[in-house]
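A.B. asks: compute the structure for the input listed below.
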Amino acid sequence: MILIRNVRLVDAMGERGPLDVLIGEGRILSLEGGEAQRVVDGTGCFLAPGFLDLHAHLREPGEEVKEDLASGLLAAVRGGYTDVVSMPNTKPAVDAPEVVRALKRKAEGLRLARLHPAAALTLGQEGKELTEVGPLKEAGAVLLTDDGRTNEDAGVLAAGLLMASPLGLPVAVHAEDPSLRRHGVMNDGALADLLGLPGNPPEAEAARIARDLEVLRYARRRSQATPRLHVQHLSTRRGLELVREAKRAGLPVTAEATPHHLSLTEEALKGFDPLFKVAPPLRTEEDREALLEGLLDGTLDAIATDHAPHTLAEKEGDLLRAPFGIPSLEVAFPLLYTELHLKRGFPLPRLVALFTDGPRRVLGLPPLHLEEGAEASLVLLCPKERPVDPTAFASKAKYSPWAGWVLGGWPVLTLVEGRIVHEALE
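C.D. replies: The predicted model follows:
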């Protein structure tokens, strides 16, 4: 038994407390205290449902030098995540049921965050032949995506949506038109021209979102079930507008934004630092403000990390040749708690919902609220500030674009079904 005493409760339903939360048998037993072997003082802190990340690159199998399940899932629980959806663009791709089962089996043995593998939509993520959707779901896949690549053949994407819809699996898309993106390494515009760097235009994202929404419209008309399209790492004002319009028209589309697109802009590239190189690229302040509005009005359903670790040697190379990607599992919530809630007054229950109920809804999972009888997959967050120190990351990616930023809201206790998986109590 664990008793968290005098703690505020925050979930998508709002804030309440302070209360005394008794945890045992994997569940919240009481909000009125009780006898326990372990007592934690929650004064000044708040308790939230465990976070779910819809979009993490854990690099296993094939690129374990960058990350593996052990380091990635440890980073996750240190960031307050109890559940992680791993992307399938590994080497080889996660495109067969036996690979999904092997990943889940290994993750269960680690007893950290729970792993929910995404499977490739097409064999080898080559965009040509669909994977076996039914066996993949039976093996434990929760999502289909060729993330890291765009689906060039609209007919293949449509067929994937039609096959996935009866099984209740969403199909996630990396929405960029490569013929417009070309070799862009940052947002296309005046700053890219000034720096002499190839640009990736916002129209590349908008054009592909527009096409994919039409594919979804077709699939919905042709399917007796409900096909579900999820737009990954949305980064532009125009892309957001397209998703908003589609939702108003009743299309079954969801979308996510990342911590980096919500906290950084293209201005970070002025120093030619590859740590800020990401796909899609950091955009303008106008785009960032539009994303913040989308968080508030429900156009954006979730905040997903797009945690993308590489070796430090790769990220310290030349900007044009360095890989795309930013690691963020361990800092995502403190970053946005500080930048959005503390500095801008963003409602805390809404912020928590974007880490919890929102991503769960994308996967078709029920909400996880703080009430008696609820599953005790929880995170205790405290406002005490400290600087980001990437050398202390559990992730193998010991670097961060937010290094030195002073943040509050750090997870100090993470529980999965009542079992402590991370503890940093003072």
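A.B. asks: what segments of the stretch 101-250 of the chain are strands?
C.D. replies: Counting by DSSP state E, counting those that start in this stretch, the segments of the stretch 101-250 of the chain that form strands are 114-119, 143-145, 171-173, 186-187, 199-200, 229-231.
A.B. asks: please dump those strands into CSV; it should also carry distance to L407 for every row.
C.D. replies: All C-beta atoms are positioned from the backbone trio N, CA, C, and that covers glycine. As requested, those are exported to CSV (distance: least, Cβ to Cβ, whole Å):
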stretch, distance to L407
strand 114-119, 26
strand 143-145, 29
strand 171-173, 28
strand 186-187, 25
strand 199-200, 29
strand 229-231, 28
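A.B. asks: possible to save the ones you listed as CSV with mean pLDDT and mean neighbour count?
C.D. replies: Written out in CSV, the entries for the strands of the stretch 101-250 of the chain read as follows (pLDDT from 0 to 100; neighbours: other Cβ atoms under 10 Å):
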stretch, mean pLDDT, mean neighbour count
strand 114-119, 98, 24
strand 143-145, 98, 28
strand 171-173, 98, 28
strand 186-187, 98, 24
strand 199-200, 98, 24
strand 229-231, 98, 26
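A.B. asks: which of these sits closest to M1?
C.D. replies: Nearest to M1 among the strands of the stretch 101-250 of the chain is strand 114-119 (22.2 Å), distances taken as Cβ to Cβ.
A.B. asks: tell me who's in contact with K396.
C.D. replies: 65-68, 71, 309, 311 (Cβ atoms under 8 Å, 6 or more residues apart in numbering).
A.B. asks: just the buried ones from those, in ChimeraX syntax?
C.D. replies: Only the buried entries of the contacts of K396 go into this ChimeraX selection, using 16 or more other Cβ atoms under 10 Å:
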select :66,67,68,71,309,311
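A.B. asks: kindly reformat the contacts of K396 as CSV containing pLDDT, secondary structure and distance to L121.
C.D. replies: As requested, these are exported to CSV (pLDDT from 0 to 100; DSSP: H, G, I helix; E, B strand; the rest coil; distance: Cβ to Cβ, whole Å):
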residue, pLDDT, secondary structure, distance to L121
V65, 98, coil, 26
K66, 98, coil, 23
E67, 98, coil, 22
D68, 98, coil, 24
S71, 98, helix, 27
P309, 98, coil, 23
T311, 97, coil, 28
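A.B. asks: got the contacts of K396 as TSV, with distance to V421 columns?
C.D. replies: Rendered in TSV, the data for the contacts of K396 read as follows (distance: Cβ to Cβ, whole Å):
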residue	distance to V421
V65	25
K66	23
E67	18
D68	17
S71	14
P309	20
T311	26
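A.B. asks: which one of the contacts of K396 is nearest to F46?
C.D. replies: Ranking these by separation from F46, with Cβ to Cβ as the measure, puts S71 on top at 27.8 Å.
A.B. asks: out of the strands of the stretch 101-250 of the chain, flag the one nearest A424.
C.D. replies: Distances from A424 to each of these were compared using Cβ to Cβ; the minimum, 20.2 Å, belongs to strand 114-119.
A.B. asks: using CSV, write out every CA atom in the closest one.
C.D. replies: Included here for strand 114-119 are C-alpha records, laid out as CSV according to Å, rounded to 0.1, in the frame of the first residue of the first chain:
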residue,chain,number,x,y,z
ARG,A,114,3.9,-0.4,-21.1
LEU,A,115,4.8,-0.7,-24.7
HIS,A,116,2.2,-0.5,-27.5
PRO,A,117,3.9,-1.1,-30.8
ALA,A,118,2.8,0.6,-33.9
ALA,A,119,3.1,-1.6,-37.0
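A.B. asks: hmm, who's touching that strand?
C.D. replies: Strand 114-119 is contacted from outside by 69, 73, 82-88, 94-95, 100, 103-104, 107-108, 131, 136, 140-145, 147, 172, 363, 416, using Cβ under 8 Å, 6+ apart.
A.B. asks: and stretch 282-299, by the same measure?
C.D. replies: For stretch 282-299, contacts defined as Cβ under 8 Å, 6+ apart pick out 186-187, 189, 202, 234-237, 240-241, 243-244, 247, 255, 257, 260-269, 276, 300, 303, 340, 344, 346, 350, 354.
A.B. asks: residues of stretch 260-273 that come out buried?
C.D. replies: Going by neighbour count (16+ other Cβ under 10 Å), the buried part of stretch 260-273 is 260-266, 268-269.
A.B. asks: mean confidence score for it?
C.D. replies: Model confidence over stretch 260-273, given as mean pLDDT, is 98.
A.B. asks: likewise for stretch 297-305?
C.D. replies: Per-residue pLDDT values over stretch 297-305 give a mean of 98.
A.B. asks: in the longest helix along the chain, what's buried?
C.D. replies: Longest helix of the chain, by residue count under DSSP state H: helix 202-222. Neighbour-count burial for helix 202-222, counted by 16+ other Cβ under 10 Å, picks out 202-213, 215-220.
A.B. asks: you'd agree G358 is in a helix?
C.D. replies: Yes - assessed by DSSP: H, G, I helix; E, B strand; the rest coil, G358 belongs to a helix.
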